[in-house]
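Undergrad: Just to be clear, the model below is a prediction. Sequence and coordinates:
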Amino acid sequence: IVIGGLVVGGFDGHGIEINGARAGIEATYVGTGAAGTTANPNTGNGIHITGDDASIGSPASGRRVLVSGNDGQGVNVSGQGASILGSVIGVNAAATAPLPNGANGVRLSGVSSATVGSPGAGNIIAGNNLAPATADGLYVSGGDSHVIQGNLVGTNAAGDPLGNFNAGIAVSGGTDVLIGGTSAGEGNTVAHNGADGIQVTGGSVEVSVVGNSIVDNTDLGIDIGNDGLSPNDSGDGDAGPNDVLNTPVLDSAAASAGSVTVDYTLDVPAGTYRIEFFANPSGADPSGYGEGESLAATTSIVHAGAGASSFSFAFPGGAGSIITATATETVLGNPGATSEFSNAITAVAAADTTISDSSIRRSHLAARGTVDPSSPASGIAGETVAIAGGIDRHVGPGLDTTDGQLTLSTWVNLDDMGSQPRLIS
């Protein structure tokens, strides 16, 4: 059964309640007037679903559902297998101004296998900005196997700030929840919300946050535990939502010839991880961690466990780019638990660095053989060098760089290396 073409507002209770299986709603306004510009609230939830396999909205032109201005939840789902596609929740019909529901835009209440948006059929879930502070754009309370893709949460297609009162997306006690994805069109944009962009709490397990744009939220871009920044721990043995997976630590970002090379460390249990790197043209989060405005590149690494390991990855970019990253477990080839955002680091041009007279002395150079006595006792003052960390490289007569250390591999007279000896990183 599919109902449509209705304007449902001003009722004492839920606007529409679906109790049976496989019912659908299309081309309907719930909680507004006929123009979709003013509220005509239902005193309960806009749409209240207890039946299984219900569908709300459609990607087809003219068949979306507007759910705004209601006193309770915009859409409350207590049935299994629901899908919400191509709908507008919490703003006016043009999606240009808030027309808030009184609670969450969408709430999934202990159910399984819900689909909220898909590539080309995402929802606008925004403007649900009334107190109380429990008003999230999308609130997942328990349940499992949800897919949340292609949505605009806290904004519209033009990028206007239409934030929800609290978090953009909040998951409390959910298992196997995919927010975004690894293919084109699956990512969500989560922006301008009044608290965290994405919040993971309770006993949540394998909440994956991949391929999204997360920017300009009041608190953290991703908050595991709803307790602010979660510090990394040695060995990553702590417990909590998503096992409080450690974040990558970005050590340096060097830009050269249209590419940015990021050196980073990660301390996680043994396994395979997807590392996502983001560019942040709007700037870093005030916390210094995150957010993730524009996905710049991804890579897969295998970690041996047993402490922090160092990695390096290059991707297109330039000097001045503000880079952040996340780590996500790979479980049977699919995304698993995701970390919070890493520290933000600004890419700098890969250039030689002038060193002072005391920066490098002969005592810092481990000799392989005998140091030529004619080399200057105070090192190479006034010359310019750049030391490449973590890379073994022979540049110039007799000089190697190994893990950021200068080593004499043969006899060398530093005075005879030319006017600009360089170790190019």
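TA: Nice, thanks for sending it over. The shown structure was predicted, so the numbers you read here are calculated from the model rather than taken from an experiment.

Undergrad: can I assume Ile323 sits in a helix?
TA: No - applying DSSP: H, G, I helix; E, B strand; the rest coil, one finds Ile323 to be strand, outside a helix.

Undergrad: Test of understanding: give the bridge partners of it.
TA: In this structure, Ile323 bridges to Ala279, Ile345 when assessed by DSSP bridges.

Undergrad: Contact partners for it?
TA: 250, 253, 260, 262, 277-280, 296, 317, 344-347 (CB atoms under 8 Å, 6 or more residues apart in numbering). C-beta coordinates here come from the backbone N, C-alpha and C atoms, glycine included.

Undergrad: Gly235 belongs to a helix?
TA: Yes - counting by three-state DSSP, Gly235 is found in a helix.

Undergrad: mind checking how far it is from His303?
TA: According to CB to CB, to the nearest Å, Gly235 and His303 sit 12 Å apart.

Undergrad: More neighbours: these two, which one.
TA: Set Gly235 next to His303 and count neighbours by other CB atoms under 10 Å: His303 wins out with 20 against 14.

Undergrad: so where is the stretch 251-400 of the chain shaky, pLDDT-wise?
TA: For the stretch 251-400 of the chain, applying pLDDT under 70 flags the ranges 351-400.

Undergrad: about what we covered before: what do Gly235 and His303 both touch?
TA: Contacts common to Gly235 and His303, judged by CB under 8 Å, 6+ apart, are Pro269.

Undergrad: What residues of stretch 5-25 count as buried?
TA: 7-9, 11, 14-16, 18, 23-25 (16 or more other CB atoms under 10 Å).

Undergrad: contacting residues around that stretch?
TA: 1-4, 27-34, 39-57, 65, 67, 69-70, 72, 79.

Undergrad: among these, which are in strands?
TA: Counting by DSSP state E, the part of the contacts of stretch 5-25 found in strands is 2-4, 28-30, 47-49, 55-56, 65, 67.

Undergrad: Report the buried members of these.
TA: 28-30, 47-49, 55-56, 65, 67.

Undergrad: Out of those, which is nearest to Ile179?
TA: Among these, Ile56 lies closest to Ile179 (CB to CB), at 18.9 Å.

Undergrad: my read: the closest one touches Leu85, true?
TA: Yes - if you go by CB atoms under 8 Å, Ile56 and Leu85 touch, sitting 7.2 Å apart.

Undergrad: and stretch 18-36, how far out from the chain's middle?
TA: In terms of CA atoms, centre = their mean, to the nearest Å, the centre of stretch 18-36 is set 32 Å apart from its chain centre.

Undergrad: for the stretch 101-250 of the chain, which spans come out with low pLDDT?
TA: In the stretch 101-250 of the chain (pLDDT under 70), the answer is 132-133.

Undergrad: coming back round to it: for Asp176, state which of the contacts of Ile323 is nearest.
TA: Phe278 (24.0 Å).

Undergrad: okay, now the nearest residue to Ile56 once chain neighbours are set aside: neighbour count?
TA: The shortest distance from Ile56 to any non-neighbouring residue, by CB to CB, 6 or more residues apart in numbering, is to Ile84 (4.5 Å). For Ile84, the count of nearby residues is 33 (other CB under 10 Å).

Undergrad: Could you measure from Ile84 over to Ser172?
TA: 19 Å.

Undergrad: got it, and Asp219?
TA: 16 Å.

Undergrad: Which helix or strand contains Glu276?
TA: Assigning secondary structure by DSSP states H and E places Glu276 in strand 271-279.

Undergrad: Now do whichever strand or helix holds Thr299 against strand 271-279, angle only.
TA: Under the criterion of DSSP H and E, Thr299 resides in strand 294-303. Angle of strand 294-303 versus strand 271-279, following axes from the mean of the first three to the mean of the last three CA atoms, to 10 degrees, is 160 degrees.

Undergrad: Packing partners of strand 294-303?
TA: strand 259-266, strand 271-279, strand 309-316 (3 or more CB pairs under 8 Å, 6 or more residues apart in numbering; DSSP states H and E).

Undergrad: So which elements touch the second one?
TA: Packing contacts for strand 271-279, counted by 3+ CB pairs under 8 Å, 6+ apart, involve strand 259-266, strand 294-303, strand 309-316, strand 322-331.

Undergrad: circling back to that earlier point, and the contacts of Ile323 as a markdown table, adding distance to Pro286?
TA: Formatted as a markdown table, the contacts of Ile323 follow (distance: CB to CB, whole Å):
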| residue | distance to Pro286 |
| --- | --- |
| Leu250 | 17 |
| Ala253 | 20 |
| Val260 | 23 |
| Val262 | 22 |
| Phe277 | 21 |
| Phe278 | 16 |
| Ala279 | 18 |
| Asn280 | 12 |
| Ala296 | 21 |
| Gly317 | 23 |
| Ala344 | 10 |
| Ile345 | 15 |
| Thr346 | 15 |
| Ala347 | 20 |
